[in-house]
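> Here's my sequence, what's the structure:
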Amino acid sequence: MTIQIAAYAKLNLSLRVLGRRTDGYHEILSDVQTIDLADSIEIELGGEGVRVHSNLVFSETDIVELAAVALLKRKRSTQGVAIRVEKRIPVGAGLGGGSSDAAATLAVLDRVIPPELPFRTLCEIGSTIGSDVPLFLHGGAIRMGGRGERIEKLPAQPRECYVVLVPSVHCATQEIYSRWDVGDASPIRRATRLERGENDLLQAALSAYPSLSTYHGAVGQLNAAYSGMSGSGSSFYGAFAEEVDAEHARRTLSHSFPSADVFVCHPTAVGHRIRETQ
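Coordinates of the predicted model:
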């Protein structure tokens, strides 16, 4: 059996950092939307062990391999699995590509390798692999709390599309949060109202990577309904009610930043989609 999957990216439409927790993680509150920019994953059952092949080379164990191994261990299964990942979501950009790949792998392998686990168990496994993995198991418009493991589905949002600008700068999440810690040593605060486009990590990202200021400024001038930075960077986005306006913004940014990636993306209701099963 071979399964083709699209694993979607995400945008943080708002992100509040409420403080550093005693376990070393940060307490956050974030409204998130999955979008149709996607990695392509192929899963084939057979052979021995878990084999992962990707068009990118990772210095550490691939998060997809961690997900597959963790799921098989929970199921006490010896099923062999080959997984091929074609990365299309830029890395180090705050778009969640690795976590999305892991979530899609968990969800699909759970479906095809018995016994099928409760969805809550999948989320528990996912949260041990990465803080963003549970959000992709849910997909759509959600509000994240805690370190990312607390998920609340949001009501249907007004239809909009996004122009997403990804500079050729990879932001290190740990470094961004460390700079935020230096600038804000207060204990965990109470959650407050979220404003679209607000991101508490923005100043830390601009401090760590000053070249991002130009991209941030350009997106802010697009006359979008709102704009912001996704996650800990380096991607910036603007939201538009009409696709024609988003496409005009894409052309403008592509002309201004020929070395950057620029996409027009649409919201999705799920974190992944099975394209084909053979």
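> contacts, neighbours, all on C-alpha from now
Noted.
> check contacts around the residue nearest to F136 when sequence neighbours are not counted.
In space, F136 comes closest to G271 once its chain neighbours are excluded; the distance is 4.5 Å by C-alpha to C-alpha, 6 or more residues apart in numbering. Applying C-alpha atoms under 8 Å, 6 or more residues apart in numbering, we find G271 in contact with 7-9, 34, 100, 103-104, 135-140.
> Let's see if you can find the most crowded of those.
Each of the contacts of G271 was scored for neighbours by other C-alpha atoms under 10 Å, and A103 scores highest at 35 neighbours.
> Let me know the pLDDT of it.
The model reports A103 with a pLDDT of 98.
> Quick check: it touching V133?
Yes. Assessed by C-alpha atoms under 8 Å, A103 is found in contact with V133 at 5.4 Å.
> Residues that sit against both of these two, list them.
Common neighbours of A103 and V133 (C-alpha under 8 Å, 6+ apart) are G126.
> ok, the nearest residue to P267 once chain neighbours are set aside - contacts?
With C-alpha to C-alpha, 6+ apart as the criterion, P267 has its nearest non-adjacent residue at 4.4 Å, and that residue is I35. Contact analysis of I35 by C-alpha under 8 Å, 6+ apart lists 8-11, 265-268.
> Now I35: phi and psi?
Per-residue torsions, I35: phi -130, psi 160 (degrees, to the nearest 10).
> try A6
A6 adopts backbone torsions of phi -100, psi 120, taken as degrees, to the nearest 10.
> what's the answer for S232, then?
Torsion angles, degrees, to the nearest 10, at S232: phi -100, psi 20.
> gap between it and Y177?
8 Å (C-alpha to C-alpha, to the nearest Å).
> quick one: which of the two has more around it?
Legend: neighbour count by other C-alpha under 10 Å for S232 and Y177, higher for S232 (25 against 20).
> Check the spacing between that one and Y209 real quick.
11 Å.
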